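J.: My questions concern the predicted model and sequence given below.
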Amino acid sequence: MKAFVFPGQGSQKVGMGVDIAAASIAAREVFQEVDDALSLKLSAIMAEGPEDQLTLTENAQPAIMANAIATLRVLEAEFGVKLEDAATCVAGHSLGEYTALCAVGAFDLSTTARLLKLRGSAMQAAVPVGVGAMAALLGADIAKATALAEAAAEGEVCEVANDNDPGQVVISGHKAAIERAVSLVKEHGIKRGVLLPVSAPFHCSLMQPAADRMKEALAETPPGALALPLYANVTAAKVSDPAEEQDLLVSQVTGRVRWRESVAAMHADGVEHFVELGGKVLSPMIRKIAGEAETTSLITMEDLETFAKTHA
């Protein structure tokens, strides 16, 4: 059994999508539709930069989605591999959950692009620049990370944001609390803490204003039926009901991305091969979580051709 998985923020880079766009009209059509939906030449920023424009969260989120969906469409159009035939389920990391929902037909492409641009701008606006921070805890498990976050909070917000894999947990909250946490890592048996170059403290309770905005937006454009089940970030459990998923997307803004548990659940349910579309950030995490599972990253035309020949 295969799962198709979709990366989150941090996987963007200038030049993304150029290879598949040059080779396939299917990719170019995706990028054009996203540009039109956003009234923005996002495809040009993806291809040529500048990097600081691509890194803006309101651009990075739809860009990462567009790149992954373009990769999927090329796989389908050029190589005849259909998602519903190749995979049994999907999942995505943070914004990648929206990409996964687009892939299984719960949102159309234009709606997904607009929702992610809004999500990015709402997350950015929720906390003034400089007030929040995030840090990666390396050599930390969830128990150590939780204890550290509680010790460092001192009345401020300091929460586990991403449980990525058995050796990497990300915390998020007020800048002073996150800096305290980084200074306390050794006392908590954690190898090291690294402040992340992010513009806002994602996936913590400081994001409540953004969650409120997404609740309104999702009420206006709710997800439709899912062609395949999705493993949700917030619960690490399988979801097929659009109304339930709508609520989970709201919770996801302030909630923990339970990626380690999601991968473990998919693996326990029989997934032996994880296929990452449009990036190669999830595959190393997956190998740490489900060591015996196979991972494939699909980025270039060559990747897609090889996958179609060997696995379809």
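T.: Nice, I can see it. Just so it is clear, the structure is predicted and the values come from calculations on it, not from any experiment. Numbering: from 1, shown residues only.

J.: so where's the stretch 201-312 of the chain uncertain?
T.: 312 (pLDDT under 70).

J.: contact partners of stretch 142-159?
T.: 137, 140, 160, 163, 169, 171-174, 176-178, 180-181, 184-185, 188-190, 201, 203-206, 256, 260 (C-beta atoms under 8 Å, 6 or more residues apart in numbering). All C-beta atoms are positioned from the backbone trio N, CA, C, and that covers glycine.

J.: so where do the strands sit in the stretch 201-312 of the chain?
T.: 230-231, 238-239, 273-277, 294-298 (DSSP state E, counting those that start in this stretch).

J.: Including mean neighbour count, could these go into a markdown table?
T.: Listed next are those as a markdown table, based on neighbours: other C-beta atoms under 10 Å:
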| stretch | mean neighbour count |
| --- | --- |
| strand 230-231 | 26 |
| strand 238-239 | 18 |
| strand 273-277 | 25 |
| strand 294-298 | 19 |
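
J.: so which of the ones you listed gets nearest residue 120?
T.: Nearest of the strands of the stretch 201-312 of the chain to residue 120, taken as C-beta to C-beta: strand 273-277 at 19.9 Å.

J.: what's the spacing between residue 96 and residue 89?
T.: 14 Å (C-beta to C-beta, to the nearest Å).

J.: Which of the two has more residues huddled nearby?
T.: Neighbour totals were compared for residue 96 and residue 89, and residue 96 leads with 31 against 24 (other C-beta atoms under 10 Å).

J.: Specify the beta-bridge partners of the residue nearest to the more buried one when sequence neighbours are not counted.
T.: Counting by C-beta to C-beta, 6 or more residues apart in numbering, residue 96 lies nearest to residue 6, which is 3.7 Å off, once chain neighbours are set aside. Residues in a beta bridge with residue 6, per DSSP bridges, are residue 92.

J.: Now, of the contacts of stretch 142-159, which are buried?
T.: By neighbour count, with 16 or more other C-beta atoms under 10 Å, the contacts of stretch 142-159 hold 137, 140, 160, 163, 169, 171-174, 177-178, 180-181, 184-185, 188, 190, 201, 203-204, 206, 256, 260 as buried.

J.: out of these, which are inside helices?
T.: Counting by DSSP state H, the part of those found in helices is 177, 178, 180, 181, 260.

J.: Can you tell me which of these comes closest to residue 2?
T.: Using C-beta to C-beta, these come closest to residue 2 at residue 260, 19.5 Å.

J.: My read is that the closest one contacts residue 286, right?
T.: No. Taking contacts as C-beta atoms under 8 Å, residue 260 lies outside contact range of residue 286: 9.6 Å.

J.: can you list residues touching both of these two?
T.: Joint contacts of residue 260 and residue 286 (C-beta under 8 Å, 6+ apart) are residue 165.

J.: With only the CA atoms kept, save the top helix by length along the chain in CSV.
T.: In the chain, taking DSSP H as the definition, the longest helix is helix 57-79. The C-alpha trace of helix 57-79 is given here as CSV (Å, rounded to 0.1, in the frame of the first residue of the first chain):
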residue,chain,number,x,y,z
THR,A,57,4.3,32.9,4.2
GLU,A,58,1.4,34.2,2.1
ASN,A,59,3.4,33.3,-1.0
ALA,A,60,5.3,30.3,0.2
GLN,A,61,2.1,28.4,1.2
PRO,A,62,0.3,28.6,-2.2
ALA,A,63,3.6,28.1,-4.0
ILE,A,64,4.4,24.8,-2.2
MET,A,65,0.9,23.6,-2.9
ALA,A,66,1.0,24.6,-6.6
ASN,A,67,4.3,22.8,-7.1
ALA,A,68,3.1,19.6,-5.5
ILE,A,69,-0.2,19.6,-7.4
ALA,A,70,1.6,20.3,-10.6
THR,A,71,3.8,17.3,-9.9
LEU,A,72,0.7,15.2,-9.4
ARG,A,73,-1.0,16.4,-12.5
VAL,A,74,2.1,15.7,-14.6
LEU,A,75,2.2,12.2,-13.1
GLU,A,76,-1.4,11.7,-14.2
ALA,A,77,-1.3,13.4,-17.6
GLU,A,78,2.2,12.4,-18.9
PHE,A,79,2.6,9.0,-17.3
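
J.: Could you tell me which residues within it count as buried?
T.: 57-76, 78-79.

J.: could you give the mean pLDDT of the next helix or strand after it?
T.: Per DSSP states H and E, the first helix or strand lying C-terminal to helix 57-79 is helix 83-86. Taken as a whole, helix 83-86 carries a mean pLDDT of 96.

J.: domain assignment for the chain?
T.: 2-126+206-311, 132-198 (automatic domain parsing).

J.: chain center to stretch 239-252: distance?
T.: From the chain centre to the centre of stretch 239-252 is a distance of 15 Å (C-alpha atoms, centre = their mean, to the nearest Å).
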